[in-house]
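Asker: turn this into a model:
(one chain, ligands or ions: 2)
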Amino acid sequence: MPSELIFWIIVGVIVAALVAATVVVLVSKRKVPPAAPEAEVEVAAPPVMEAEAPSTPAPEPPASRLQRLRRKLSAAENPFAKALLSVLSGTKLDDEAFDDLEATLLTADLGVEPTAKLIEALRREAGVSGTADPAEIKQVLHDELVKLGQPELDRTLHVSGDGVPGVVLVVGVNGTGKTTTIGKLARLLVATDRSVLLGAADTFRAAAADQLQTWGSRVGVETVRGEEGADPASVAYAAIEAGIAKDVDTVVVDTAGRLHNKAGLMDELGKIKRVIEKQAPITEVLLVLDATTGQNGLIQSRVFAEVVEVTGIVLTKLDGSAKGGIVFAVQQELGVPVKLVGLGEGPDDLAPFDVPAFVSALLS
Ligand SMILES: Nc1nc2c(ncn2[C@@H]2O[C@H](COP(=O)(O)OP(=O)(O)OP(=O)(O)O)[C@@H](O)[C@H]2O)c(=O)[nH]1
Ligand SMILES: [Mg+2]
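Answerer: Numbers count the residues shown, from 1 in each chain. Ligands and ions are numbered 1, 2, ... in the order given. Model (predicted):
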């Protein structure tokens with residue numbers, strides 16, 4: 001075969017092979033389905049390890065929180081203190097100044113009788129010492145207010161049971177700050193190395209239990225709760241049962257404040273009290289009172305004191321309240337000591353009530 005022919009045969013084969021390959025490639029390409037428009041695919045997020053809850057800062061010890069809260073009671077921040085100091089800041093105390101002071105104390109809801117007694121004592125002092133020096137009168141006012149605050153009352157919080165958890169029952173008109181106070185109190189107890197459990201016996205609305213539980217988790221304590229509308233007493237019972245099983249030191253029970261009549265209140269709180277006491281002693285019944293509501297709030301709260309034996313008062317919202325005088329009036333009215341004061345919405349804005357420290361802070 002002539003070599004030229006062989007050459008053309010080879011070229012032909014190569015060309016045929018190339019054409020065949022091209023055809024194969026084209027055909028196979030056509031077989032690939034056109035890319036589907038990207039569908040919305042729910043891509044499961046990579047399993048994220050439950051981030052460790054940011055550790056709640058350690059609760060502030062009672063002594064240092066008192067120092068901090070002093071500021072909230074001073075004239076710079078507290079309207080009651082401001083009013084007192086503005087009356088006492090004159091160069092001399094004349095009749096007009098005494099009248100102003102009386103008006104200030106009445107506006108602060110100190111109560112008519114205590115105010116009259118206080119003004120009388122101040123006038124007497126001014127008369128006896130022949131002084132109208134505001135600084136001296138301020139000292140007398142300080143001493144008289146301390147006296148009025150009954151510093152001798154026992155303000156110990158009873159939170160321990162004997163072999164079983166101590167139970168703190170928290171009652172009061174709605175919106176006064178019960179749930180918030182329980183959160184802060186739990187933190188205060190945790191700060192003193194106590195184990196705590198919360199019971200959400202306010203089943204009036206689901207949000208109430210959520211709110212308590214949120215506080216609980218902030219503070220690192222468990223909350224026992226029931227369904228919305230569940231029998232509050234059954235939740236209280238379950239909470240104490242759990243408290244005993246877990247061997248906690250204290251169970252704090254939240255209750256609803258929305259009971260319109262005394263009979264309903266008596267029924268509900270009476271039942272809660274009975275079921276708790278079947279298992280553990282109620283060591284403290286705290287009545288929560290909103291300072292900003294002054295005498296009105298006190299009147300509303302009185303019914304709680306008639307229904308359960310209140311052992312201590314928590315006066316909330318004293319920060320920014322011009323009605324701080326209620327702290328003195330409430331003890332007289334209910335015959336129960338104020339044990340704690342709430343001075344803000346923060347977790348450490350609760351302090352034991354110390355009369356001399358409170359009065360000094362007010363007049364500083
Ligand atoms: N400024 C200030 N606000 C407070 C204080 N204590 C509570 N509060 C606020 O008062 C409001 C009502 O507080 P809660 O704790 O929900 O009151 P409650 O008594 O549980 O209310 P109910 O569950 O509806 O009966 C909230 O906005 C709290 O943040 C306090 O000491 N100072
Ligand atoms: Mg509440």
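
Asker: in a helix, that's where Leu287 is, yeah?
Answerer: No. Secondary structure of Leu287, determined by DSSP: H, G, I helix; E, B strand; the rest coil: strand, with no helix assignment.

Asker: identify the residue spatially nearest to it, adjacent ones excluded.
Answerer: Excluding the flanking residues, the one nearest Leu287 by C-beta to C-beta, 6 or more residues apart in numbering is Val310, at 4.4 Å. In this view, the C-beta of every residue, glycine as well, is placed from N, C-alpha and C.

Asker: around the one you found, how many other residues sit close by?
Answerer: By the other C-beta atoms under 10 Å criterion, the neighbourhood of Val310 contains 21 residues.

Asker: the one 5 residues further on now?
Answerer: Summarising burial for Leu315: neighbours were counted as other C-beta under 10 Å, giving 27.

Asker: same question for the helix or strand it falls within, mean pLDDT?
Answerer: If you go by DSSP states H and E, Leu315 is part of strand 312-316. Predicted confidence along strand 312-316 averages 97 (mean pLDDT).

Asker: distance from the chain centre to it, please.
Answerer: Centroid separation between strand 312-316 and its chain, computed with C-alpha atoms, centre = their mean, to the nearest Å, is 12 Å.

Asker: so that strand, near ligand 1 or not?
Answerer: Yes. Contact of strand 312-316 with ligand 1 is found when judged by C-beta under 6 Å from any ligand atom, involving Thr316.

Asker: identify the residues contacting that strand?
Answerer: Outside of strand 312-316, the residues that reach it under the criterion C-beta atoms under 8 Å, 6 or more residues apart in numbering are 155, 157, 170, 172, 176-177, 180-181, 284-291, 326-327, 330-331, 334, 336-342, 350, 353.

Asker: rerun at 7 Å
Answerer: Under the contact criterion C-beta atoms under 7 Å, 6 or more residues apart in numbering, strand 312-316 has outside partners 157, 176-177, 181, 284, 286-291, 326-327, 330, 334, 336-342.

Asker: over to stretch 269-277?
Answerer: The contact list for stretch 269-277 (C-beta under 7 Å, 6+ apart) reads 167, 169, 171, 201, 232-233, 236-237, 240, 253, 255, 282, 307-308.

Asker: same check on stretch 229-249?
Answerer: 159-160, 164-167, 194-197, 199-203, 224-226, 251, 253, 255-256, 268, 271-272, 275-276, 279-280.

Asker: now do stretch 349-356
Answerer: 62, 65-66, 69, 146, 149, 151, 155, 181, 184-185, 188, 338-343.

Asker: repeat that for 8 Å
Answerer: Contacts with stretch 349-356, where a contact means C-beta under 8 Å, 6+ apart, come from 62, 65-66, 69, 72, 146, 149-151, 155, 157, 181, 184-185, 187-188, 314-315, 319, 327, 337-343.

Asker: over to that stretch now: how far is its first residue from its last?
Answerer: As for stretch 349-356, its first-to-last residue distance stands at 19 Å under the measure C-alpha to C-alpha, to the nearest Å.

Asker: identify each buried residue in that stretch, please.
Answerer: When burial is assessed from 16 or more other C-beta atoms under 10 Å, stretch 349-356 yields the following buried residues: 349-355.

Asker: likewise stretch 234-253?
Answerer: Judged by neighbour count (16+ other C-beta under 10 Å), stretch 234-253 contains these buried residues: 234-244, 248-253.

Asker: okay, and which of those residues map to strands?
Answerer: When DSSP state E defines the strands, the subset of those inside them is 250-253.
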